[in-house]
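# okay, here's the prediction I keep looking at, along with the sequence it came from:
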Amino acid sequence: MPPRNTAISSHRSKDIIISSVISIAITIVFGYYFLYIGNRERKPTFYLDPTRTIILDKANAANAPLQLLKSNGDAIHADVTSVYFYFFNQGSETIKRENVYEPLKIVLRDKAEILDFKLLKVSRPVSGIKLIRDTLSNSLTIQFKALEEGDGLWTRDCRAADWGELASDFSEIARGRSVAAGEP
């Protein structure tokens, strides 16, 4: 009889070892999934296209019988350029209006002035994206209901500034956080 107990106990120890190895393997697989694959983050991204379209070059237009006026009738005495920028959620987690503590503002540095803007494309109208111009602070405010992964906007704005001012204007400021041109 004693040899029979050792056979059963060795068989049980093999079962315990196999079940332990299987449990460890399952734990590693689920741990990896929940740690890396299940990791969701919000990643709002602002991208300023470095290509600028010259609409009016004041040096070339100085002798032309042409005068460019603002909407209030004032003459523009600076270079006028057009710039494209994009704002979207690059993360996998939804950005809701409640997740934004202060309004998202795009503010120009130096003496550049926003003359006009046009919202060219919104990824999904259900996201409720709006772009509002604040003439007092010379800024654009981005408002939205919720941005899913890949949701965002594509915008063109026209700016008036001298070329020296435009060079330093290549950085945009989004509510106190500097976002350089071309960087997400």
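Everything's here; your move. Residues are numbered from 1 along each chain as shown.

# in the longest strand along the chain, what counts as buried?
If you go by DSSP state E, the chain has its longest strand at strand 44-56. Across strand 44-56, burial judged by 16 or more other CB atoms under 10 Å covers 44, 46, 47, 48, 52, 56. All C-beta atoms are positioned from the backbone trio N, CA, C, and that covers glycine.

# read off the pLDDT value for the residue most central in space within the chain.
In the chain, the C-alpha nearest the mean C-alpha coordinate belongs to residue 45, at 1.5 Å (CA atoms, centre = their mean). Here the pLDDT value assigned to residue 45 is 87.

# contact partners for it?
86, 87, 88, 89, 90, 152, 184 (CB atoms under 8 Å, 6 or more residues apart in numbering).

# now residue 77
residue 58.

# let me know the helix or strand that it is in.
For residue 77, there is no host helix or strand (DSSP states H and E).

# next one: phi and psi at it?
phi -120, psi 40 (degrees, to the nearest 10).

# residue ranges for the helices of this protein, please.
For the chain, applying DSSP state H gives helices covering 2-32, 58-61, 163-168.

# now what about the second one, what contacts it?
Counting contacts by CB under 8 Å, 6+ apart, the residues outside helix 58-61 that touch it are 68, 77, 78, 79, 162.

# from those residues, list just the buried residues.
Looks like the contacts of helix 58-61 have 78, 79 buried, using 16+ other CB under 10 Å.

# make CSV out of the contacts of helix 58-61 and add pLDDT and distance to residue 108.
Shown next, in CSV, are the contacts of helix 58-61 (pLDDT from 0 to 100; distance: CB to CB, whole Å):
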residue, pLDDT, distance to residue 108
68, 77, 18
77, 78, 17
78, 81, 13
79, 83, 14
162, 56, 13
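
# now, which of the contacts of helix 58-61 sits nearest residue 125?
Using CB to CB, residue 68 comes nearest to residue 125 of these, at 33.5 Å.

# pLDDT below threshold where in this protein?
1-9, 37-38, 109-110, 161-184 (pLDDT under 70).

# on that earlier part again, ChimeraX command for the buried members of the contacts of residue 45?
Restricted to buried positions by 16+ other CB under 10 Å, the ChimeraX selection for the contacts of residue 45 reads:
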select :86,87,88,89,152
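
# from the contacts of residue 45, which ones fall inside strands?
86, 87, 88, 89, 152.

# what's near enough to touch the third one?
Residues in contact with residue 88 (CB under 8 Å, 6+ apart) are 44, 45, 123, 147, 150, 151, 152, 153.

# among these, which pair sits farthest apart?
Most distant of the contacts of residue 88, by CB to CB, are 44 and 123, 13.6 Å apart.

# got the domain ranges for this protein?
Segmentation of the chain into domains, based on automatic domain parsing, reads 1-39, 44-179.
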